[in-house]
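J.: what follows is a predicted structure for the sequence shown.
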Amino acid sequence: INAEYMGTLSECLFFFRPSALMPKRDRKEEGGEEKPAKKAAVSRAVIVKDVDPSEFIIAYAAYLKKAGKVELPKYVDIVKLAPRSELAPTDPDWYYTRCASIARRLYVNPGIGLGAFTRLYGGAARRGTIRSRFARGASGNVRHCLQQLERLDIVEHCPNGGRKLTKKGYRDLDRIAQQVLFPKLFAKSE
């Protein structure tokens with residue numbers, strides 16, 4: 001490597017990152033005052049994106065079940081979640097979990113509609129000895145969940161299509177996220 005090239009390279013590095021190449025000076029040696037210690041970061045509100053998705057969905061599903069305002073469909077114990085699946089879900093509270101998952105997805109990505117949800121809840125259609133291919137999820141379950149969330153005033157229609165959360169929906173989801181992130185603050189003392 002050419003020494004002239006190395007000289008220009010170090011000059012470039014110095015130009016772009018002067019703090020990395022310059023020696024640090026201590027303010028005490030210069031006779032100046034010592035820097036005050038940095039204060040702790042200012043706390044901010046907890047939002048859904050700060051919490052692990054699986055923990056949040058479990059907590060919000062438990063909240064929906066405990067509130068008792070979600071009306072379950074009559075076919076909740078026998079319905080399949082996709083045409084590609086063979087059996088109904090084994091979790092007895094799958095409907096609350098699906099509602100919580102839909103609400104979280106609308107928080108993260110507002111304005112998505114029923115078709116997008118069927119793609120999100122789709123998966124591999126196993127066809128025996130033939131290759132698997134993608135198949136959408138069932139739309140009836142998603143539609144019913146969206147209607148129930150609308151009835152609870154958590155979700156509303158977007159003017160451009162799709163659905164989004166209401167202000168009440170954002171407030172409820174953020175409150176549940178805070179309870180998931182800081183469970184000691186909301187523990188009931190006996």
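T.: Cool, the structure landed.
J.: what kind of secondary structure is Arg133 in?
T.: Assigned with DSSP: H, G, I helix; E, B strand; the rest coil, Arg133 falls in the strand class.
J.: quick one: Gln178 and Arg44 touch, right?
T.: No. Look at Gln178 against Arg44 with Cβ atoms under 8 Å: they stay out of range, at 11.2 Å. C-beta coordinates here come from the backbone N, C-alpha and C atoms, glycine included.
J.: neighbour count winner among the two?
T.: Gln178 (18 against 7; other Cβ atoms under 10 Å).
J.: how many residues are close by the closest residue to that one other than its chain neighbours?
T.: Leaving out its chain neighbours, the residue that sits closest to Gln178 by Cβ to Cβ, 6 or more residues apart in numbering is Val46, at 4.3 Å. Look at Val46: counted by other Cβ under 10 Å, it has 17 neighbours.
J.: I figured Val46 hits Leu173, correct?
T.: No. When contacts are counted by Cβ under 8 Å, Val46 is not listed as touching Leu173 (10.6 Å).
J.: coming back round to it: identify the contacts common to Gln178 and Arg44.
T.: Here Gln178 and Arg44 have no joint contacts, going by Cβ atoms under 8 Å, 6 or more residues apart in numbering.
J.: who touches Ile154 in this structure?
T.: Taking Cβ under 8 Å, 6+ apart as the test, what Ile154 contacts is Ala103, Leu165, Thr166, Lys168, Gly169, Asp172.
J.: what's the neighbour count on the closest residue to the third one other than its chain neighbours?
T.: Closest residue to Thr166 in three dimensions, ignoring its sequence neighbours and counting by Cβ to Cβ, 6+ apart: Glu156, at 5.1 Å. Residues lying near Glu156 (other Cβ under 10 Å) number 16.
J.: and Gly137, what element?
T.: Here Gly137, judged by DSSP states H and E, is contained in no helix and no strand.
J.: excluding chain neighbours, what is closest to it?
T.: Spatial nearest neighbour of Gly137, excluding adjacent residues (Cβ to Cβ, 6+ apart): Tyr121 at 3.3 Å.
J.: what values do phi and psi take at that neighbour?
T.: phi -90, psi 10 (degrees, to the nearest 10).
J.: check it and give its pLDDT.
T.: If you check Tyr121, the pLDDT there is 94.
J.: just for the protein, where's the confidence low?
T.: 1-43, 188-190 (pLDDT under 70).
J.: need phi/psi at Tyr170.
T.: According to degrees, to the nearest 10, Tyr170 has phi -60, psi -40.
J.: nice, that's everything, thank you.
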